[in-house]
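Asker: Attaching a predicted model along with its sequence, questions to come.
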Amino acid sequence: MKNHTDVLIVSQNEVPSFGYLCRSVTNSSDGRRELEVRAAPSRKRSGMEIFMNEFSRRHPAVLFLYYLLVLFLTMFAVHPAALAASFGGAFLFYLAENGVKTAMKDLAYYCGVFLLLAVLNPIFSHNGETVLFFMNDRPVTMEAILYGAAMAAMIVSVIFWCKCYQTVLTTDKVLYLFGKTVPRLSLVLSMSLRFFPLLKEQAGRIGKAQKAMGMYAKDSLTDRLLFHVRLFDSLLTWMLENAVETADSMKARGYGLKGRSHFSLFRFEKRDGTLLGAMGILTLGTGAAAIGGMYRFHYYPGISAMQTGLWAVASDLLLVLLFLLPFLIDVKEKILWKISLR
Amino acid sequence: MSRKQAAVWAVTLLLSIGLLAAGVSAFRDRNYMMISMMIACLSCVPFYFSYEKKSGSTRRTVILAVMVTMAVAGRLIFGMIPNFKPVAAIVTVTGVYMGASAGFLAGSLAALLSNLFFGQGPWTPFQMAAWGLIGFFAGLPFLKEFLKKAPGYVLYGLFAAVFYSGVMNLWAALSIDSSFSWKAYGAAAVASLPTLAVYGVSNIVFLWLLSAPVGKKLDRIAKKHGIF
C-alpha cells in the first residue's frame, strides 16, 4: 500500500447539486490516488444570510417588548410622518430579512391593497370641507381621501411588521416567554407544531403501505378520493393513540411536577440591555414630544398644518430612529461582516 | 364556575368596557381598529384561564394538540380552494366531544398556528376569537347531544358560517373606515355573501363527513384510556 498517498483537491467550481461532490481520480504516472472534492456553493445559508437576522438574536423579552411598542405606536399614529416612519422601518426590516426580490414582490402586492383601502374610505366617509367632486350626489372630499390613505398606510405597515414578526419571534421564543404563565396552552402550541412533521411522515408511510397492498391503484378520481379518506382515517387513529403514548411518556418523566426547570438557550446579554436602553430613551423622547403636541394632527374637518421648526424635525427623527432600530442593527452587522471578510 | 374564574370574567368585561370608553372619549372615536383588536385578544383570556385552571390529564392536553394539528393540516390541504376549509368543522367536533373550553382552545390555536403559513396580521385576533367561540358554543352542555346528529350539525354549520363571516366583516369594515359605521359593515357583509355561501357549504359538507367518524374515534380513545 505504499505510494498511495491520497491527495485531496478541493475546488470551488460551480457544481449543480448541493453539498459536496466527490470524484476519485487515479493518477497513473506515480500511482497516487487523487480524491477531488468539489464544494458546491450551498444556496441555503451563506454567511451573509446568517448575519442578516442579527436583530432576531436579541433576547425574546426585548423583542416582544419592541413589537408591542411598535404595533401600539403604529396603530395609534395619525401623523403622516409617524406612519411613513413606521412603514419605512417595517419595509426595510422585511427587506433585510427576506432579500430584495421577495420584498419587492410583496411591496407591489401591498401597493394594490393600499390603493384599494385608500379608495374605499371616501365612498363611506363624506366628512371634510374640500369637496373635489360629487359621486351619486354624495361629496367626495380631499380630507376623506387623505384619511383613507393614512389608514391604509397604517394597515399595510402593521401587516409588514407582522410579516417580520414571524421570522423574529419564532414559536420557541414565544413558548419561552409564556411557558410559565400559561403552561397548558403553550404545551398544546408546541406539541401541535411538533405534530406537523410527524403527521407528514406517517401519512407518507401509510400511503406507501396502501399502495404496496395494491389498493387504490387506479388513477380515477373516486379511487384517489377514497385513498385520501382512508389515509385520513388511519392517520387520525394513529395520531390519537400516539398522543396517549406521548402523554404517558411525559408523565413518566415527571411532566407537570413541581420544581421542574426548563432548558432554554436565551440569556440576557449586554447587547440586549443596550437595545432595551435605546428603546427606553426613544420611547421617553417620543412620549415627551407627543405631550408637547408634536404629533398632533387631524384630517377632519380640514387637514391640519404640519408642525415646523427644529423641535418638529427632532421629534420626527426620534420616531424614525425607533422604527428603524431592527433594520439598523441588521445592516450594522452586515457591514461588519463584510469588513471582516476583507 | 369558581370565584376566581368569575373574577377573571368580570375583570375582562370591565377592561373591554374601559377600552371602548377610552376609544370613544380619549381617542375621539378614531382607532377602533386598535381597540377592537385589543378586545379580541382580551376575549380569549378568560377561556385560556379556565382551561389552565381545569384539572385534567396530560393525555387530554396532548389529544387536544392532535385536534389542533388536524384543523391546521386541513386548512393547509385545502389551501387551493379559497374559503372551502374543514377548520370550523374539526373545531366543532372537538368542542362537542372534548368540552367547551377545549373547543375554544382548538379554534383559537388553529387560527394562530395556521396563520404562520397563511400570514399573520391584524385579522389574527378576530379569527382566533371567531373560531374559538365556534368551538366553545359547540361544547356547551345543552348543545352537545343535539350537534352529534343530522339536523343539529347542519344548523350549527350554517350558524358557524354566519358567525365567522360576521366577525371577520367587522375587521373588514374597520379596515375600510377606521371608525365603525353600519354602512361600511353592511357593504362588507354584502361583499362577503359569496364567501359566506362557501363557508356554509364547506362547514356542512365537512361536518357531514367528519362528525361521525372523528367523534367515534374520540369516544373510543376516551373509553379505552378513560380520559375525558
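Answerer: Structure received.
Asker: pull the helix or strand with minimum mean pLDDT from chain B.
Answerer: Across the helices and strands of chain B, mean confidence by mean pLDDT, DSSP states H and E is lowest for helix B:3-25: a mean of 73.
Asker: packing partners for it?
Answerer: helix B:32-53 (3 or more CB pairs under 8 Å, 6 or more residues apart in numbering or on different chains; DSSP states H and E). From N, CA and C alone the C-beta is placed, and that goes for glycine too.
Asker: how about low-confidence regions in the stretch 151-300 of chain A?
Answerer: Residue ranges of the stretch 151-300 of chain A with pLDDT under 70: none are present.
Asker: For it, which residues are neighbours of chain B?
Answerer: Contact residues, the stretch 151-300 of chain A versus chain B (CB under 8 Å from any CB of the partner chain): A:151, A:154-155, A:158-159, A:162-163, A:165-166, A:171, A:182-185, A:187-189, A:191-193, A:195-196, A:199, A:233, A:236-237, A:239-241, A:243-244, A:246-248, A:250-251, A:255-256.
Asker: Drop anything exposed from those residues.
Answerer: Neighbour-count burial (16 or more other CB atoms under 10 Å in any protein chain shown) applied to those gives A:151, A:154-155, A:158-159, A:162-163, A:165, A:182-185, A:187-189, A:191-193, A:195-196, A:199, A:236, A:239-241, A:243-244, A:246-247, A:250.
Asker: Just the pLDDT for residue 128.
Answerer: Using chain A. Here the pLDDT value assigned to residue A:128 is 75.
Asker: ah, no, chain B please
Answerer: The score at residue B:128 is 91. That number is its pLDDT.
Asker: State the number of residues packed around it.
Answerer: Neighbours of residue B:128 under the rule other CB atoms under 10 Å in any protein chain shown: 22.
Asker: That one and residue A:224, how far apart?
Answerer: Distance, residue B:128 to residue A:224, by CB to CB, to the nearest Å: 34 Å.
Asker: Select the longest helix from chain B.
Answerer: Across chain B, the longest stretch assigned as helix under DSSP state H is helix B:193-225.
Asker: which residue ranges form the helices in chain A?
Answerer: Using DSSP H, helices in chain A cover A:47-52, A:60-76, A:80-98, A:100-124, A:142-168, A:171-178, A:183-212, A:221-252, A:270-291, A:310-341.
Asker: Just tell me which of the ones you listed ends up closest to residue B:114.
Answerer: Closest of the helices of chain A to residue B:114 is helix A:183-212, at 10.4 Å (criterion: CB to CB).
Asker: Would you mind getting the angle between the closest one and helix A:221-252?
Answerer: Angle, helix A:183-212 to helix A:221-252, by axes from the mean of the first three to the mean of the last three CA atoms, to 10 degrees: 140 degrees.
Asker: Run through the neighbouring helices and strands of helix A:183-212.
Answerer: Using 3+ CB pairs under 8 Å, 6+ apart: helix A:183-212 touches helix A:171-178, helix A:221-252, helix B:32-53, helix B:58-77, helix B:100-118.
Asker: For residue B:143, see how far away the spatially most central residue of chain B is.
Answerer: A centroid search over chain B (CA atoms, centre = their mean) returns residue B:131, at 1.5 Å, as the residue closest to the centre. Distance, residue B:131 to residue B:143, by CB to CB: 17 Å.
Asker: rewinding a little: can you pull out the residues in contact with the least confident helix or strand of chain B?
Answerer: If you take CB atoms under 8 Å, 6 or more residues apart in numbering or on different chains as the criterion, helix B:3-25 is touched by B:1, B:29, B:31-32, B:34-35, B:38-39, B:42-43, B:45-46, B:49-50, B:53.
Asker: quick check: domain ranges of chain A?
Answerer: Following automatic domain parsing, chain A resolves into domains at A:7-44, A:48-174+A:266-341.
Asker: mean pLDDT for those: which is lowest?
Answerer: When mean pLDDT is averaged over each of the domains of chain A, domain A:7-44 scores lowest at a mean of 47.
Asker: what about residue A:277, neighbour count?
Answerer: Residue A:277: 10 neighbours (other CB under 10 Å).
Asker: Assign a three-state SS to residue B:121, would you?
Answerer: Put simply, residue B:121 is coil when judged by DSSP: H, G, I helix; E, B strand; the rest coil.
Asker: need the contact list for it.
Answerer: With the criterion set at CB under 8 Å, 6+ apart, residue B:121 makes contact with A:158, A:159, A:162, B:115.
Asker: Disregarding flanking residues, what is the spatial nearest neighbour of the last one?
Answerer: In other words, residue B:115. In space, and not counting its chain neighbours, residue B:115 is closest to residue B:124: 5.3 Å by CB to CB, 6 or more residues apart in numbering or on different chains.
Asker: any idea how far residue B:44 is from the one you found?
Answerer: Taken as CB to CB, the span from residue B:124 to residue B:44 is 11 Å.
Asker: now do residue B:38
Answerer: Distance from residue B:38 to residue B:44, counting by CB to CB: 11 Å.
Asker: Could you check which of these two has the larger neighbour count?
Answerer: Set residue B:38 next to residue B:44 and count neighbours by other CB under 10 Å: residue B:44 wins out with 22 against 19.
Asker: That one touches residue B:132, doesn't it?
Answerer: Yes - counting by CB atoms under 8 Å, residue B:44 touches residue B:132, with 6.3 Å between them.
Asker: what's the overlap in contacts for these two?
Answerer: Common neighbours of residue B:44 and residue B:132 (CB under 8 Å, 6+ apart) are B:104, B:108.
Asker: How many residues are close by the closest residue to residue B:19 other than its chain neighbours?
Answerer: The shortest distance from residue B:19 to any residue other than its chain neighbours is 5.3 Å, reached at residue B:35 (CB to CB, 6+ apart). By the criterion of other CB under 10 Å, residue B:35 has 21 neighbours.
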